[in-house]
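S.K.: My questions are about this predicted structure, shown below with the sequence.
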Amino acid sequence: MAEGRWGAALRRYLCGAAAGSWHFAKRAPDEASIARRAARCCQALAAPTQAAALCQLPDEPDYTTAFKCLAEKTGNAADAMDGYYGCIWDGTLLEVAVALHARRGEGGRRARAVRAAGALELNANNSEDIQREAAAIRRARLLRALTNQYVA
């Protein structure tokens, strides 16, 4: 990362996280720091939606960076903005995504973000066990998708 080789650094971070978490079945011991570094790599690779999704991994989500990333408009197809909404479990991030798409007049993307935010397992009235399980499933889905894209 210090040499500006963002893709190689991201591959290393994802491989390290996979090794430390039994391929994302559980949390890696240093997952928060790996997520912050991986998000920085995604930003440098012009993949702001992926960076925003990674910002929700630490115990205290990095909303400042996540909101800045969501506000970026990119033409990079590798970002796969719409594909990663199913990997976001933080309601605040999904609400910001809905508002940004509405402001930009992107009706289709807004509808996809609304559909992701309206998932039953993300309901704030659910028990903590259900919310924790939904977050674990979406977390693993996010990290496996990133690993498939950048490592495989």
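M.R.: Now that the structure is in, tell me what you want to look at.

S.K.: ok, the residue nearest to the spatial centre of the chain - contacts?
M.R.: Of all residues in the chain, the one closest to the mean position by CA atoms, centre = their mean is Ala53, 1.6 Å from it. By CB atoms under 8 Å, 6 or more residues apart in numbering, the contact list for Ala53 reads Tyr84, Cys87, Ile88, Leu93, Leu142. Bear in mind the C-beta positions are built from the backbone N, C-alpha and C, glycine included.

S.K.: Could you check how far the longest helix seen in the chain is from the centre of its chain?
M.R.: Using DSSP state H to define each element, the chain has its longest helix at helix 128-150. Remark: helix 128-150 is offset 9 Å from the chain centroid, using CA atoms, centre = their mean, to the nearest Å.

S.K.: any idea of the mean pLDDT for it?
M.R.: What helix 128-150 shows for mean pLDDT is 95.

S.K.: what's the answer for stretch 12-26, then?
M.R.: Model confidence over stretch 12-26, given as mean pLDDT, is 93.

S.K.: Start and end of that stretch, how far apart?
M.R.: End-to-end span of stretch 12-26 (CA to CA, to the nearest Å): 18 Å.

S.K.: And it, what's buried?
M.R.: Applying a neighbour-count criterion of 16 or more other CB atoms under 10 Å, one finds Arg12, Tyr13, Leu14, Gly16, Ala17, Ala18, Gly20, Ser21, Phe24 buried in stretch 12-26.

S.K.: Tell me which of the residues you listed fall in strands.
M.R.: Using DSSP state E, no member of the buried residues of stretch 12-26 falls in strands.

S.K.: ok so, going back, for the host helix or strand of the residue nearest to the centre of the chain, output the C-alpha coordinates as CSV.
M.R.: Per DSSP states H and E, Ala53 falls inside helix 48-54. In CSV, the C-alpha atoms belonging to helix 48-54 read as follows (Å, rounded to 0.1, in the frame of the first residue of the first chain):
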residue,chain,number,x,y,z
PRO,A,48,-16.3,3.8,-3.6
THR,A,49,-19.4,1.6,-3.0
GLN,A,50,-17.1,-1.3,-2.0
ALA,A,51,-15.2,1.1,0.3
ALA,A,52,-18.4,2.3,1.9
ALA,A,53,-19.5,-1.3,2.5
LEU,A,54,-16.2,-2.0,4.2
